[in-house]
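Participant: need a 3D model of the sequence below.
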Amino acid sequence: MNDSKDSKLVAILRGITPTEVLAHVAVLIDAGFRYIEVPLNSPDWRRSIADAVSHFGEQATIGAGTVLTVEQVDTLAAIGAGLIVTPNAHPAVIRRARAAICSPAPVLRRRARRLARWRPVRTG
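Facilitator: Numbering: from 1, shown residues only. Take a look at the predicted model:
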């Protein structure tokens with residue numbers, strides 16, 4: 001793999017845990033990856049992303065995938081994430097990501113139309 005920061009490949013650490021994340025990110029950086037995503041459906045994603053940013057934030061852009069809400073963007077900005085991947089093109093999420101993190105990477109798929117209509121339901 002190319003060691004330059006020009007590579008746009010994103011490594012996705014699906015299901016990664018905080019106890020695993022640092023070792024995996026180190027291997028990915030050694031392999032030349034400069035963009036690393038931890039999906040928000042991973043166990044304790046806040047800690048995994050914060051730890052990865054703390055240890056490797058100077059070497060790679062580390063962020064999150066499956067970002068669906070503005071609140072998630074705010075949390076990610078607060079822990080230093082530098083990458084947002086969203087499975088839809090929800091305008092409010094993209095606007096907030098651009099303002100807070102400046103690198104939203106929407107991933108559009110066939111199911112994006114269904115997800116664009118999805119809204120989180122607040123309870124309690």
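Participant: report pLDDT for residue 60.
Facilitator: With respect to pLDDT, residue 60 scores 95.
Participant: ok, and the closest non-adjacent residue to it?
Facilitator: Distances taken as CB to CB, 6 or more residues apart in numbering place residue 34 nearest to residue 60, at 5.0 Å, with adjacent residues excluded. (Each C-beta comes from the backbone N, C-alpha and C, glycine too.)
Participant: is it true that the one you found touches residue 61?
Facilitator: Yes: the pair residue 34 / residue 61 is scored as a contact, 6.3 Å apart, by CB atoms under 8 Å.
Participant: before we move on, the earlier item: and the residue nearest to residue 60, what pLDDT?
Facilitator: pLDDT, residue 34: 93.
Participant: could you tell me how many residues sit around it?
Facilitator: Close neighbours of residue 34, defined as other CB atoms under 10 Å, add up to 21.
Participant: any idea how far residue 45 is from it?
Facilitator: 20 Å (CB to CB, to the nearest Å).
Participant: relative to residue 43, how far out is residue 19?
Facilitator: 10 Å.
Participant: would residue 11 count as being in a strand?
Facilitator: Yes: checked against DSSP: H, G, I helix; E, B strand; the rest coil, residue 11 lies within a strand.
Participant: contact partners for it?
Facilitator: 28, 33, 35-37 (CB atoms under 8 Å, 6 or more residues apart in numbering).
Participant: just list whatever residues bridge to it.
Facilitator: Residue 11 has these beta-bridge partners by DSSP bridges: residue 36.
Participant: OK, contacts around the spatially most central residue of the chain?
Facilitator: The centroid of the chain falls nearest to residue 64 when counting by CA atoms, centre = their mean (1.3 Å). Going by CB under 8 Å, 6+ apart, residue 64 touches 37-40, 45, 49, 72, 76, 81, 83-85.
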